[in-house]
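A.B. asks: Sequence first, then the predicted structure, then my questions.
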Amino acid sequence: MNNIYLIDTHAHIDMSQDVNETIINAQNNGVKKIIIPSVEEEFFEKIIQIAEANENIFCQLGLYPSEALKWSDSIANKIKLLAKSKKVVAIGEIGLDYYWDKTYVEEQKKMFKDQIILANELNLPIVVHDREAHKDSIDIVKEYNKTSEVVFHCFSGSVEMMRECVKNNWYIALGGVVTFKNAKKMKEVAQEVPLEKLLLETDSPYLTPVPYRGKENQPAYIKYVAEEIANLRNQSVEDIIKITTENAERVFRI
Ligand code: NI
């Protein structure tokens, strides 16, 4: 593993107990680049600060579905302004979460559409959070996205849904859940997804992979995701890392 390195395309390292230690651990475990998604407006500045202080750290701006009631033109304008930083490489994580709440479906949809249009305007990829909202997520991206690259982060759909995403030229990002013994559907997706459409992520500090379940997750653990996918596909871990890293660099232009 001399010349190859990993990229964690989705890690909330701003939420780590010790951000600096998390970054150093990542570097010591072959993770060269990290992309921090945003969730709430309150975190925007902190995330950009972390990215600006570290050559190989980048970020996404956007509001998470559970923030739907806070969405406003002024937040959209703030994203536009902050996105001038070269460190902002995507709009995310944005989408629909019907597991969280079904009361505000319309508000969630409105915010999702607005942020897709914003991403198109800013010429940035979108990173989709879809939890128990597969059909609506696909329909909205199809209808409103014209020009942005699309990543389904923490993909939780079926093989059929993965195929539909790939047909639309979208990317599938898989994380620690693929290492869970009972994650049958996701293991199937990992076996079937075309490698040129696959991205790796941790979604840390959540969803810690085996063998560290129960501990705080961190980008350093992304190698367990790569190893599990390599085993499932009967391919070398070097190939999985090399190609997913190229994919990430292409999609996010990093
Ligand atoms: Ni996330």
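C.D. replies: Good, I have the coordinates.
A.B. asks: got a list of what the nearest residue to Lys146 once chain neighbours are set aside touches?
C.D. replies: Distance criterion C-beta to C-beta, 6 or more residues apart in numbering; nearest residue to Lys146, sequence neighbours excluded, is Asn120 at 5.3 Å. Every residue, glycine included, has its C-beta placed from N, CA and C. Taking C-beta atoms under 8 Å, 6 or more residues apart in numbering as the contact definition, Asn120 lies against 145-148.
A.B. asks: Now do Ile35 against Asn54, distance only.
C.D. replies: Distance of Ile35 to Asn54, computed by C-beta to C-beta, to the nearest Å: 12 Å.
A.B. asks: who has more neighbours, these two?
C.D. replies: Under the neighbour definition other C-beta atoms under 10 Å, Ile35 and Asn54 were set side by side, and Ile35 has more, 29 against 17.
A.B. asks: Quick check, that one in contact with Glu249.
C.D. replies: No - using C-beta atoms under 8 Å, Ile35 is not in contact with Glu249; the gap is 11.0 Å.
A.B. asks: what residues are shared contacts of the two?
C.D. replies: Jointly contacting Ile35 and Glu249 under the rule C-beta under 8 Å, 6+ apart are Ile7.
A.B. asks: Okay, the residue nearest to Lys146 and Gly95: tell me how far apart.
C.D. replies: Distance of Asn120 to Gly95, computed by C-beta to C-beta: 16 Å.
A.B. asks: quick one: contacts for Ile36?
C.D. replies: Each residue near Ile36 by C-beta under 8 Å, 6+ apart is listed here: 11-14, 47, 50-51, 57-60.
A.B. asks: Once you drop chain neighbours, what's closest to it?
C.D. replies: Ile36's closest residue in space is Cys59 (C-beta to C-beta, 6+ apart), at 4.5 Å.
A.B. asks: Just confirm the one you found is within a strand.
C.D. replies: Yes - per DSSP: H, G, I helix; E, B strand; the rest coil, Cys59 lies within a strand segment.
A.B. asks: from memory it sits against Gln49, does it?
C.D. replies: No - contact criterion C-beta under 8 Å: Cys59 and Gln49 do not qualify, at 9.5 Å.
A.B. asks: More neighbours: those two, which one.
C.D. replies: Between Cys59 and Gln49, counted using other C-beta under 10 Å, the more crowded position is Cys59 (28 against 13).
A.B. asks: Please give me every residue in contact with that one.
C.D. replies: Each residue near Cys59 by C-beta under 8 Å, 6+ apart is listed here: 35-38, 47-48, 50-51, 87-89.
A.B. asks: Inside helices: which ones of these?
C.D. replies: Residues of the contacts of Cys59 located in helices (DSSP state H): 47-48, 50-51.
A.B. asks: Max pairwise distance over the residues you listed: which two?
C.D. replies: Across the ones in helices among the contacts of Cys59, no pair lies farther apart than Ile48 and Ile50, at 7.4 Å, counting by C-beta to C-beta.
A.B. asks: before we move on, the earlier item: can you tell me which of the ones in helices among the contacts of Cys59 is closest to Ala133?
C.D. replies: Of all the ones in helices among the contacts of Cys59, Ala133 sits closest to Ile47, with 24.6 Å by C-beta to C-beta.
A.B. asks: what's the pLDDT at the closest one?
C.D. replies: pLDDT for Ile47: 97.
A.B. asks: burial measure for it, as a count.
C.D. replies: 24.
A.B. asks: Apart from its chain neighbours, what residue comes closest to Val127?
C.D. replies: The shortest distance from Val127 to any non-neighbouring residue, by C-beta to C-beta, 6+ apart, is to Gly92 (2.8 Å).
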